[in-house]
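Novice: need coordinates for the following:
(one chain, ligands or ions: 1)
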Amino acid sequence: MKIAIIGGGYVGLVSAACFAEFGVEVMVAETDPVRLDRLRAGVMPIYEPGLEELVAANRAAGRLGFTGALDAAIAGAQAVFIAVGTPSRRGGGHADLTYVFAAAEQVLTSLDHPAVLVTKSTVPVGTGRKLAQLAAALRPDLAVEVASNPEFLREGSAIGDFMRPDRVVVGAETEHARSVLRALYRPLNLIETPILMTGLETAELIKYAANAFLAMKVTFINEMADLCEAVGADVHDVARGMGFDGRIGRKFLHPGPGFGGSCFPKDTLALARIAQDARAPSRLTETVVAVNEARKAGLGRRIIDAAGTELRGRRVAVLGLAFKQGTDDMRDSPAIPAIEALAEAGAHIVAYDPAAMEAAKPLLPASVRYAASAPEAIKGAELLVVMTEWNEFRALAPARLAAAMRGRIIVDLRNIFDPAAMRSAGFVYHGVGRGHAPRKIAPQKIELDREVEHG
Ligand code: UDX
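Specialist: So this is what the prediction gives:
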């Protein structure tokens, strides 16, 4: 079997390498010449554990290739996957489909044989239908079928998520399209992965609904964490106590600085928009967007309150910049508004992240300094802020921190440290939702973001 993937970005590249590993012959079309050259030289444009090795092994086996020529990529392909970007459109939150439709048009005009056109990018409900109309209009001579096959990949574990998914979702309306997709995922039958066959709109909505639900779970536990601080409860036990209930589940109940990344912020906003446009508004999704934005905007205040003192001229160590551990992705990272607020308050910030420093530099205030290691960042710091839960930070022993730092305040926004151990090493330790916070949290009035408000 032969397939083409349009777009050698995160989703395209991971899908291509994994389909090739399944034994499929995969050609990736990438229009950016710099990215294409790098891919051909074996250099990955993203940091994803295991990807480089998987790409190299499948190229060596002759099952995976990269090209700048779209017609060469789609020659003889039974399925063509569109995996180009869908950024948020400025001033609205709708997904920008320019790249998706441009890629589809190009594919449709170049095709010389029937094929299934599959969307892998997260696209608004109704996009598959529009693509089917476009196919019928541009190529009445060819049987081009459209399918939706959303991905559920997490950065940092994308390959495992692709090779051992909880489920595969396929939206398709002909038996032929369904059978092509079924054949592609055949190796997953061995591990009994459910393959859910639905209509186009349903498959498109499943992706948004799943992401919005997970974002809601995170946002809910974040609110419970604030409540725990107000009433002197421990959010970890609350989460455990909730999570043992199989209907709730234990995952995605870890409180933190608010969700970020390339998917949740963009997809929750897009779902709110889709629902508004369909005149079936999702108030819960709108509120999740607003509450999460407010949480991230309030991080600076939270840290300054915890410090209990003016930060002007004080050295603040920030450990972690990426939106979560295991990635160099800074998109919508809570570290950005937090550091902006600390810089605004006059703090001298020394930051360290094992992977995201290069990506972070253009996004953070020019006054931020970058350390080569965690120990270098904390040296002489008066306040330590943990923004990202990298494992290497968990290993920092309280005594070592105490010896290196000048001050004794820790704001651990990921709850990676043991509060009792930190307190016995002499620190004033502030986690998230772990007993009384010695500060008063000003109740946040939730103003719905203008972008999701009803007009
Ligand atoms: C997410 C979805 O999990 C994935 O299925 C989808 O395809 C893309 O979006 P990703 O953005 O890589 O994946 O990260 P994920 O691990 O899901 O975390 C998302 C955000 O929620 C991060 O900011 C993370 O720090 C936060 N989070 C997650 C929490 O704060 N607490 C949790 O318990 C879980």
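Novice: not counting its neighbours along the chain, what's nearest the closest residue to the ligand within the stretch 351-455 of the chain?
Specialist: Proximity of the stretch 351-455 of the chain to the ligand (CB to the nearest ligand atom) peaks at residue 389, 7.6 Å away. In short, each C-beta sits where N, CA and C put it, glycine included. With sequence-adjacent residues excluded and distances taken as CB to CB, 6 or more residues apart in numbering, residue 389 is closest to residue 414, at 4.0 Å.
Novice: is it true that the one you found touches residue 256?
Specialist: Yes. If you go by CB atoms under 8 Å, residue 414 and residue 256 touch, sitting 5.3 Å apart.
Novice: okay, and the common contacts of these two?
Specialist: 389, 432 (CB atoms under 8 Å, 6 or more residues apart in numbering).
Novice: pull out the buried positions in the host helix or strand of residue 376.
Specialist: Using DSSP states H and E, residue 376 falls within helix 374-378. Burial within helix 374-378, assessed by neighbour count using 16 or more other CB atoms under 10 Å, is assigned to 374, 377-378.
Novice: now do that helix: which elements does it pack against?
Specialist: For helix 374-378, the contact count by 3 or more CB pairs under 8 Å, 6 or more residues apart in numbering; DSSP states H and E identifies strand 315-319, strand 348-352, helix 398-404 as packing neighbours.
Novice: and it, how far out from the chain middle?
Specialist: 27 Å (CA atoms, centre = their mean, to the nearest Å).
Novice: average pLDDT across that helix?
Specialist: For helix 374-378, mean pLDDT rounds to 98.
Novice: whether the next helix or strand after that helix contacts the ligand - can you check?
Specialist: Proceeding N to C from helix 374-378, the next assigned helix or strand is strand 383-386, under DSSP H and E. No. Against the ligand, strand 383-386 shows no contacts by CB under 6 Å from any ligand atom, the least distance being 12.4 Å.
Novice: just the residues contacting strand 383-386, thanks.
Specialist: With contact meaning CB under 8 Å, 6+ apart, strand 383-386 is reached by 303, 307, 311, 314-320, 338, 342, 347, 378, 393, 401, 405, 407, 409-414, 416-417.
Novice: mark out where each domain of this structure begins and ends.
Specialist: What the record gives for the chain is the domain set 2-198, 199-455, from automatic domain parsing.
Novice: hmm, which of the contacts of strand 383-386 are the buried ones?
Specialist: With burial judged by 16+ other CB under 10 Å, the buried subset of the contacts of strand 383-386 is 303, 307, 311, 314-320, 338, 342, 347, 378, 393, 401, 405, 407, 409-414, 416-417.
Novice: can you map out the strands along the protein?
Specialist: All strands of the chain, identified by DSSP state E, fall at 2-6, 25-29, 64-67, 79-82, 116-119, 145-148, 168-172, 195-198, 315-319, 348-352, 369-370, 383-386, 409-412, 428-430.
Novice: avg pLDDT for the third one?
Specialist: I take that to be strand 64-67. Average pLDDT, strand 64-67: 98.
Novice: so what's the residue count around the residue lying closest to residue 42 once chain neighbours are set aside?
Specialist: In this structure, residue 42 finds its nearest non-sequential neighbour in residue 56, 5.8 Å apart by CB to CB, 6+ apart. By the criterion of other CB atoms under 10 Å, residue 56 has 14 neighbours.
Novice: show the end-to-end separation of stretch 363-376, please.
Specialist: Taking CA to CA, to the nearest Å as the measure, stretch 363-376 stretches 22 Å from start to finish.
Novice: contact partners of that stretch?
Specialist: 317, 319, 321, 330, 333, 335-336, 339-340, 343, 348-352, 357, 361, 377, 392-393, 396, 400, 404.
Novice: just the buried ones out of the residues you listed, please.
Specialist: Among the contacts of stretch 363-376, those buried by neighbour count (16+ other CB under 10 Å) are 317, 319, 321, 330, 333, 335-336, 339-340, 343, 348-352, 357, 377, 393, 396, 404.
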